[in-house]
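J.: with the input below, show me the fold.
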Amino acid sequence: MEWLETAFNYVVQIAIMLMEFAGVVVLVITGIKSLIRYFKGSDTVRLKLAQGIALSLEFKMGGEVLRTVIVREWRELAILGAIIVLRGLLTFLIHWEIKNEESKTQRDEV
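T.: This is a model prediction of the structure:
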């Protein structure tokens with residue numbers, strides 16, 4: 001039974017690393033694309049950057065939720081909870097910014 005728990009921990013840790021890695025990759029690609037759009041003079045730079053950051057945060061938050069599966073102490077759980085709350089607030093603010101930017105873009109088109 002102990003080997004099953006060890007295997008489970010390894011699988012969860014690998015999944016966490018993959019989620020974290022996906023978040024970093026999305027953020028880097030979004031940053032590069034946004035920089036290119038900025039130099040081309042695109043009007044949607046802020047919107048696309050905010051959408052990419054939001055997606056990246058979703059991956060990172062997914063990794064944190066997975067991390068709660070293998071937490072052993074209340075102190076670790078409290079730290080993870082704080083991280084999840086902060087990332088959730090950031091995601092909320094970014095989605096609010098996306099909504100405002102989309103409405104601004106639609107007003108500018110009309």
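J.: and the helix or strand hosting Ala15, what's buried?
T.: Using DSSP states H and E, Ala15 sits in helix 2-40. Buried residues in helix 2-40, counted by 16 or more other CB atoms under 10 Å: Ile16, Met19, Glu20, Ala22, Gly23, Val26, Leu27, Thr30, Ser34, Arg37. (C-beta placed from N, C-alpha, C; glycine too.)
J.: who touches Arg46 in this structure?
T.: Listed by CB atoms under 8 Å, 6 or more residues apart in numbering, the contact partners of Arg46 are Glu97, Glu101.
J.: low pLDDT regions in the chain?
T.: 110 (pLDDT under 70).
J.: so which residue is dead centre in it?
T.: Centrality entry for the chain: nearest residue to the mean C-alpha point is Leu57, 1.2 Å, by CA atoms, centre = their mean.
J.: what's the nearest residue to that residue if we skip its chain neighbours?
T.: Thr91 (4.8 Å; CB to CB, 6 or more residues apart in numbering).
J.: correct me, but that neighbour touches Phe59?
T.: No - contact criterion CB atoms under 8 Å: Thr91 and Phe59 do not qualify, at 11.0 Å.
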